[in-house]
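Trainee: Take a look and give me a structure for this.
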Amino acid sequence: MGLNDEERKTIVALELEKSAHTLEQVDYLIQGQLWETLANRLYYGAYHAVCALLIHNGIQVGTHKGAVVMFNKEFIKTGKISEAEGRIYSQLQSLRERGDYALCTGNSSIS
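Mentor: Reported below is the predicted structural model:
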């Protein structure tokens, strides 16, 4: 990855901060019944946490799909994280995509 330990720690901290900030919006979105935006924020909260985990372990990814692939390979398949928890991340990604792109794909429901 080309990062020294201090750079890696800084980036991990920033990713975790971004995850936490994103998840702080959840209650407001639930109260407003903003379900598509909620799906987006939940996914991105998880995505930034997964990125922090990957970076902490020296794993570089450049895409959302790459994050899913490496998360599954390095943490789910090895049993470090349960398959059930891994499915949550994949489900959040699917909900976010359906909410963000429903009109483009003709699938207008995120339920």
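
Trainee: Low-confidence ranges, the chain, go.
Mentor: By pLDDT under 70, the weakly predicted segments of the chain are 1, 102-111.

Trainee: Spit out the contact partners of the residue most central in space within it.
Mentor: Nearest to the geometric centre of the chain sits Tyr47, at 1.6 Å (C-alpha atoms, centre = their mean). Residues in contact with Tyr47, defined by C-beta atoms under 8 Å, 6 or more residues apart in numbering, are 19, 64, 67, 93. Every residue, glycine included, has its C-beta placed from N, CA and C.

Trainee: Just give the number of residues close to Val50.
Mentor: Neighbourhood size, Val50 [other C-beta atoms under 10 Å]: 23.

Trainee: so which helix or strand takes in it?
Mentor: helix 35-56 (DSSP states H and E).

Trainee: Show me which residues of that helix are buried.
Mentor: Neighbour-count burial for helix 35-56, counted by 16 or more other C-beta atoms under 10 Å, picks out 36-55.

Trainee: can you redo the contacts of Tyr47 as JSON lines with distance to Asp5 and secondary structure?
Mentor: Shown next, in JSON lines, are the contacts of Tyr47 (distance: C-beta to C-beta, whole Å; DSSP: H, G, I helix; E, B strand; the rest coil):
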{"residue": "Ser19", "distance to Asp5": "21", "secondary structure": "helix"}
{"residue": "His64", "distance to Asp5": "26", "secondary structure": "helix"}
{"residue": "Ala67", "distance to Asp5": "22", "secondary structure": "helix"}
{"residue": "Gln93", "distance to Asp5": "30", "secondary structure": "helix"}
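
Trainee: So which of those is the closest to Leu3?
Mentor: The closest of the contacts of Tyr47 to Leu3 turns out to be Ala67 (C-beta to C-beta; 16.7 Å).

Trainee: So that closest one versus Glu83, what's the distance?
Mentor: When distance is defined by C-beta to C-beta, to the nearest Å, Ala67 is 17 Å away from Glu83.

Trainee: These two - which one has more neighbours?
Mentor: Just comparing Ala67 and Glu83: by other C-beta under 10 Å the higher neighbour count belongs to Ala67, 21 against 10.
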